[in-house]
Every structure is written in structure tokens, then in C-alpha cells.
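here's a sequence, model it:
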Amino acid sequence: MGLISRFLHRSKSVRDSTKSKPSTANSRLSSYAAAPPPIQFDSVQRTILPIEIWRRILSLACRLPGSLSFEAPDPFISGSPLVLTDEEKAENTRHKIDVQLVCRAWRVICLEFSYESLVVCCRKHTLPLLNTLEGSKAEDPDARGHGWWTREIKFEIGSCPDIPVTSGGPNMNAIVVRILRCTPNLAIYLNNNGFGKALGKHTHPTIMNALGRHCGLSLRRLEWSASESPRWDDLEVLLFETPRLRTLSVLHMIQTPTPHPRKPLTLKYLHSLSLGPFPTPIGVKIPTWDTVLAAFTQTPSPDELQLPSLTSLSITPINFVIPKSSTERFFLYYGPHLRTLRTSDLTPRDLFDSAFVAPGSSNPSLRTILNLSPHLRSLVFNPLQPIAYPTEHACLERVAVYPPSEHPVSVPLRMYASQVQLPLDTLFEQLVGGAFPSLKVVRLRDQGAFGFLGRTTEWLEQWRKQWDEKGIRFENRDGLSYAFTLDLMEMLPDDV
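Residues are numbered from 1 along each chain as shown. As a prediction, this is how the structure comes out:
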């Protein structure tokens, strides 16, 4: 009993002391349990974001990365190129429509984004677009319409079945001309008509005239990248009407010398010129670009350049073995200003053989190019041809080697070693042992003919060590260092 009484007495004293001295924690809890203060509503109206800021925010949500770019793609950009499937393109379109349903202000902004980039493929899908553009222009008090916001049109005629809407309806040339009338601020014209078909078709002169008449002052980028191409006479007239053009790209062209020489064609803002395919498709013969190059070297001396801003050139093929050719004159004029050069065919074999060059001689084109381009920073080319490599260049920083074709090849191992691996080893030995003090990056386009080498760890490790000793980064086609990819390959099981 004495033990129980002492326990009860002690419990009572602890309880009394707790009541008389509340803890800090209990005090805090009691203050939290008290009635919350009434909410005070501020009578001052909060600032609403200006429409310009909302336009910037929504542009990041609605536009695809890299869209509406005036520049040609950088061959040394890191990562794989963005290629969207048809489902992803449809999802992006649905996303723009969903955002329009939020409020009236967002609808106005996103409606502009919906018409920034258009695709023209066939009459079935293009006639409704044409009716919308012309209808909105007729209803707009300012006669602008939805086409006022269009900055880019991708022409992909022939990419889908053309189902006639009505017999005797307008043909595609007339439809395209009417669309160009509704898009006076067009900046980017991309022609991918007839992709995968034989070369030879040319863009109709009425379309070329409409481009210059209705969109010439706003055009910044012109590109023909499939079987359809412009005729030089038509393109030359168009270029006179596009004074602010920055990028010109033509896969092939029907070149006919101008019967009556025009005044010198000057494009003072053009800084990227692409002539010919890269890489060259197997079995396709591309003529030289003498007529086009001669049109840009009509001034009496290199001090009066017709393309004063030109810094990037992609050209295939290069006709350097013919003495005093238009190509040589072009590089005498513009070589000192070039920073990036890309080519996949340094003079075709038939031209090389017809130039009365001694049998077995190496093509001097690459060496001549670098001698005439002392400030060149980036070089992209195909090394699988008998060319004479340069031994020095003070400013060259980046070299990328591309296969002649990106399609997989299957040949005997001995032939592969002599025709593919040996020329590549020869080039690398020249770069490692030559005088290239500014060289920082060597990129291998490890697909097509180079795909096997991209999976050969012994060969890659051998060259990676030599590049590391020189402080040069050795990259794959996506810009990843082989020091990183080789470690990943070693971590994978043998059967992967």
C-alpha cells in the first residue's frame, strides 16, 4: 500500500506542475487553435500581364524548337536532328487549338501561331486552306486576314495522294499563286515537292514571279531540297527582288547561261549559300555550278563583292581542276571570308580524268580550297576519294568526315579495309601529324559506310587516345565524345 500511495502522490504533483506551468509547445499549439484573423481583401486591382508578355510565353508553348529559323542547320550541332512523326505534328496542332479555348486574348495570340507555318501538299488539303486565307482577308477591315501572320510555307506536293475535288478545278500552280498573294510577310520558302522522285521537274515561272512580286521584300530563306528545282533564269530574276535574303539552298538546277548579261546581282545580307546535295545520292550525277558561281563574280576585283556577308558555303561538286574556272575565281573572291565549308564531292571523276591530269594523281581540290580560305573554321567533307590532303592550316578548328552515302553498305571485309578504313586512317594521320594548331573537334559521321567503324571499339580507342594527347575532342555523329560512348559500350553485355 505504501508503494501505491507514493505513486499516486507523485502523479498528482506532476499533473499539478504541468497545469501551473504550460510548456512553450502547448502555448504555441493553443495560439494556433485560436480563431484565425479575418481575411483582408485588398481593394487595389492587381496588374495584368501585358499581351506582349503572354505572346512570348505562349510562343514557347506552341512553337516547335528550331522553327522559323532563317539559318541553315549547323553540321556541328550536338544531338540528333528533330524529326517529328505525323502523329506528333497532329498533336502539336491540337495543342494550339486547345490553348485557343482558354480565353479570348489567348485565342487571338494562338490563332496567329496556327498560321505562322503552313504546309501545301495536294488540292484536297490545300483548297480549304486557300478558302480560309482568302475569306479571312475579305472579312478583315484592314484586308490582312490570317495569311498576314504566315512566316513559313513548306511545299510538299506529291507527298500524299491528290484526290480531285471537282473536275475542272484550279490546278496546283494557280492555288500556290493565290496563297502567295495572301501571305505578304512570308520569310521562309521551303520546296520539297516530289521528294524521292527523279530529278528534272522545275518550279513553274508563274510561281517564281509570284514569290518575287508578293513576298520578295520579306523573304529571308529560299530552299529547294527535292526533285523540283528552279531554272537559273527564273531564280536570277527572283533574287533581284529579294534584297534581304540570308540563306539560299538549291539541290540541283537547270543552268542556262544568260543570253544578255544583266547587271551584277548583289545580295548584301546573304551569308549562307548551299549548292548541290549533301551527301551525294548514289548514282546521281550533279553538274557543276559554273553558271551560278560566275553570276556572283561579275565585279572586276574582289574588293567589290556581290555577296559581302557570305561566310558559309556548301557546294557539291567542286570543279577545281579546270584552269581558270568559275569555281577558282569564286574562291579567289570569297575564300578569305568563308568560315564554314561543306562538300561531299571534290571534283567528279569524269572531270578529273578529262583535265589531262597524270594517271594516279591525287585531286588537289581540298589543298587548294584551304589555301584560298585562310580563315576557315569548320570543314565538312567526304574523305573517300583520291585527294591530296593539306599539311597545315592555322585557323581550322572543326573537321567532320561524312560517308559518301548514309545508307548501310555490305562489302567484304578486305575491301572495306582498303576502300573505307584506310582513307580515313590517312586523313586522321595528316590531322594528327600536321600543323593544325587551332584544331579542337574531329567528328565522325558513324553511319552508312562509317557505321561499322562506329562500332569497332579497338579502332575507336586507338584514335581516341591520339586525339586526347593532342587535346582534340573525338565525337560521334550526335556530338557525343567517344570517351563517353566507349565507356558505355564496355558496360554493355557482349550480346547487346
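
what's the distance between the residue nearest the centre of the chain and residue 138?
Taking C-alpha atoms, centre = their mean as the criterion, residue 73 is the residue nearest the geometric centre of the chain, at 2.8 Å. In this view, residue 73 and residue 138 are 39 Å apart by C-beta to C-beta, to the nearest Å. Every C-beta, even on glycine, is put in place using the N, C-alpha and C of the backbone.

name all residues that make contact with residue 211.
Contact analysis of residue 211 by C-beta atoms under 8 Å, 6 or more residues apart in numbering lists 180, 189, 219, 238.

helix or strand for residue 431, which one?
Of the helices and strands defined by DSSP states H and E, residue 431 is found in helix 422-433.

and that helix, what's buried?
Using 16 or more other C-beta atoms under 10 Å as the test for burial, helix 422-433 gives 423, 424, 425, 427, 428, 430, 431, 432.

just send the residues you listed back as CSV, with distance to residue 333 and pLDDT too.
Putting those into CSV (distance: C-beta to C-beta, whole Å; pLDDT from 0 to 100) gives the following:
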residue, distance to residue 333, pLDDT
423, 31, 85
424, 33, 88
425, 35, 89
427, 28, 88
428, 32, 90
430, 28, 87
431, 28, 88
432, 33, 87
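
I'd like those written out as a markdown table, with distance to residue 245 added.
Rendered in a markdown table, the data for the buried residues of helix 422-433 read as follows (distance: C-beta to C-beta, whole Å):
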| residue | distance to residue 245 |
| --- | --- |
| 423 | 37 |
| 424 | 37 |
| 425 | 42 |
| 427 | 35 |
| 428 | 38 |
| 430 | 37 |
| 431 | 35 |
| 432 | 40 |
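
state the phi and psi torsions of residue 102.
phi -70, psi -50 (degrees, to the nearest 10).

count of neighbours near it?
Residue crowding around residue 102 was assessed by other C-beta atoms under 10 Å; the count is 11.

quick one: residue 185 and residue 100, what's the gap?
Shown here: residue 185 relative to residue 100, a distance of 21 Å by C-beta to C-beta.

let me fix that, I meant to ask about residue 159.
The spacing between residue 159 and residue 100, counted by C-beta to C-beta, is 27 Å.

so where's the protein shaky on pLDDT?
1-47, 65-66, 78-86, 161-170, 196, 256-261, 280-285, 321-323, 345-363, 484-496 (pLDDT under 70).

show me where the chain has strands.
For the chain, the strands defined by DSSP state E cover 117-120, 152-155, 188-191, 221-224, 247-250, 272-275, 312-315, 340-342, 378-381, 398-401, 441-444, 473-475.

packing partners for the third one?
Spelled out, that is strand 188-191. Helices and strands touching strand 188-191, as assessed by 3 or more C-beta pairs under 8 Å, 6 or more residues apart in numbering; DSSP states H and E, comprise strand 152-155, strand 221-224.

could the ones you listed be laid out in JSON lines, adding mean neighbour count and distance to residue 372?
Converted to JSON lines, these look like this (neighbours: other C-beta atoms under 10 Å; distance: least, C-beta to C-beta, whole Å):
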{"stretch": "strand 152-155", "mean neighbour count": "20", "distance to residue 372": "35"}
{"stretch": "strand 221-224", "mean neighbour count": "22", "distance to residue 372": "27"}
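
can you tell which of these is closest to residue 389?
Set against residue 389 and scored by C-beta to C-beta, those come closest in strand 221-224, at 31.9 Å.

which elements pack onto that closest one?
strand 188-191, strand 247-250.

before we move on, back to that, how about the helices and strands packed on strand 188-191, which one is nearest residue 129?
Nearest of those to residue 129, taken as C-beta to C-beta: strand 152-155 at 10.2 Å.

pull that closest one out as PDB, backbone CA atoms only.
In PDB, the C-alpha atoms belonging to strand 152-155 read as follows (Å, rounded to 0.1, in the frame of the first residue of the first chain):
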ATOM      1  CA  GLU A 152       6.900  29.900 -93.400                       C
ATOM      2  CA  ILE A 153       5.400  27.600 -96.100                       C
ATOM      3  CA  LYS A 154       6.500  24.100 -96.700                       C
ATOM      4  CA  PHE A 155       5.600  22.800-100.200                       C
END
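
so what touches it?
Residues outside strand 152-155 that contact it (C-beta under 8 Å, 6+ apart) are 67-68, 116-120, 176, 179, 183, 186-193.

now do stretch 411-422
384, 449, 450, 452, 453, 459.

pull out the buried residues from it.
The neighbour-count check on stretch 411-422 (16+ other C-beta under 10 Å) flags 416, 420, 421 as buried.

closest one of the residues you listed to residue 105?
Once C-beta to C-beta is applied, the member of these that ends up nearest residue 105 is residue 420, at 58.9 Å.

what's the spacing between the closest one and residue 179?
Separation of residue 420 from residue 179 (C-beta to C-beta) stands at 47 Å.

just residue 52 next, same as before
Relative to residue 179, residue 52 is positioned 29 Å away (criterion: C-beta to C-beta).

which of these two has more neighbours?
Just comparing residue 52 and residue 179: by other C-beta under 10 Å the higher neighbour count belongs to residue 179, 24 against 9.

that one touches residue 131, doesn't it?
No: proximity of residue 179 to residue 131 does not meet the contact threshold set by C-beta atoms under 8 Å, at 10.8 Å.

how about the helices of the stretch 101-250 of the chain, start to end?
Secondary structure of the stretch 101-250 of the chain (DSSP state H, counting those that start in this stretch): helices located at 104-114, 123-139, 172-181, 205-215, 232-240.

what sits up against the shortest one?
The list of residues contacting helix 232-240 from outside it, by C-beta under 8 Å, 6+ apart, reads 202-203, 205, 208-209, 211-212, 216, 222, 230, 245, 248, 250, 253-256, 258, 262, 265, 267, 291-292, 295.

neighbours of residue 198, how many?
Other residues within reach of residue 198 by the criterion other C-beta under 10 Å amount to 8.

oh, that last question was meant for residue 465, not what I typed.
Using other C-beta under 10 Å, the number of residues around residue 465 comes to 11.

quick one: it from residue 248, how far?
Taking C-beta to C-beta as the criterion, residue 465 is separated from residue 248 by 42 Å.

same check on residue 291?
Relative to residue 248, residue 291 is positioned 15 Å away (C-beta to C-beta).

of these two, which one has the most company?
A side-by-side neighbour count of residue 291 and residue 248, using other C-beta under 10 Å, places residue 248 first with 21 against 17.
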